[in-house]
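Participant: sequence and computational prediction follow.
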Amino acid sequence: MNSTLATRIAAAMGFMAVALGAFGAHGLKELFAQNGMAGVWEKAVFYHFIHAVMLFVLAERKPFPAVAWWGFLIGIGLFSGSLYLLAVTDVHWLGAVTPIGGVSFLFGWGWLVFKSARG
């Protein structure tokens, strides 16, 4: 993975976070009112967006911290992705996937903590 591709993927993730946030707020408003899942969608967008920004920051960093970058990307897919699906389907077993994505986020952050501590 090179920095240019990582930056493009990060930008795509940011674009998706904004688009999904707007879609949830406007296009899915009635569905969320029926099933009470607006908060779940908002949580998915929040974590998606924060980590999309981090993907962008890391993509521009030299040397490229690929381990943390991949941790955040996988976290977006599993954590936010499972919450997006839960919010629109109301299939509660999807919530079991969410913590795996959370661990992926923690792994990425932890890697940055310990990698930065080594200099």
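Facilitator: Noted; the coordinates are in hand.
Participant: what sits against Leu86?
Facilitator: Counting by Cβ atoms under 8 Å, 6 or more residues apart in numbering, Leu86 makes contact with Met37, Val40, His92, Leu94, Gly95, Thr98. C-beta: built from backbone N, CA, C; applies to glycine.
Participant: now it. Nearest residue, chain neighbours left out?
Facilitator: Excluding the flanking residues, the one nearest Leu86 by Cβ to Cβ, 6 or more residues apart in numbering is Leu94, at 4.3 Å.
Participant: any idea how far the one you found lies from Ser82?
Facilitator: In this view, Leu94 and Ser82 are 5 Å apart by Cβ to Cβ, to the nearest Å.
Participant: give me the more crowded residue out of the two.
Facilitator: Ser82 (23 against 18; other Cβ atoms under 10 Å).
Participant: against Leu58, how distant is the more buried one?
Facilitator: Ser82 is 23 Å from Leu58, by Cβ to Cβ.
Participant: then Ile50?
Facilitator: 13 Å.
Participant: ok, now Ala19?
Facilitator: Here the criterion is Cβ to Cβ. By it, Ala19 lies 22 Å from Leu58.
Participant: between the two, which has more neighbouring residues?
Facilitator: Legend: neighbour count by other Cβ under 10 Å for Ala19 and Leu58, higher for Leu58 (25 against 11).
Participant: that one touches Thr7, doesn't it?
Facilitator: No - Leu58 is beyond contact range of Thr7, at 9.6 Å (criterion: Cβ atoms under 8 Å).
Participant: low pLDDT regions in this protein?
Facilitator: Within the chain, the ranges that satisfy pLDDT under 70 run 117-119.
Participant: which one's the longest helix in it?
Facilitator: helix 38-59 (DSSP state H).
Participant: hey, what's the angle from the next helix or strand after it to helix 38-59? Just curious.
Facilitator: Sequence-wise, the next helix or strand downstream of helix 38-59 (DSSP states H and E) is helix 66-75. Angle of helix 66-75 versus helix 38-59, following axes from the mean of the first three to the mean of the last three Cα atoms, to 10 degrees, is 160 degrees.
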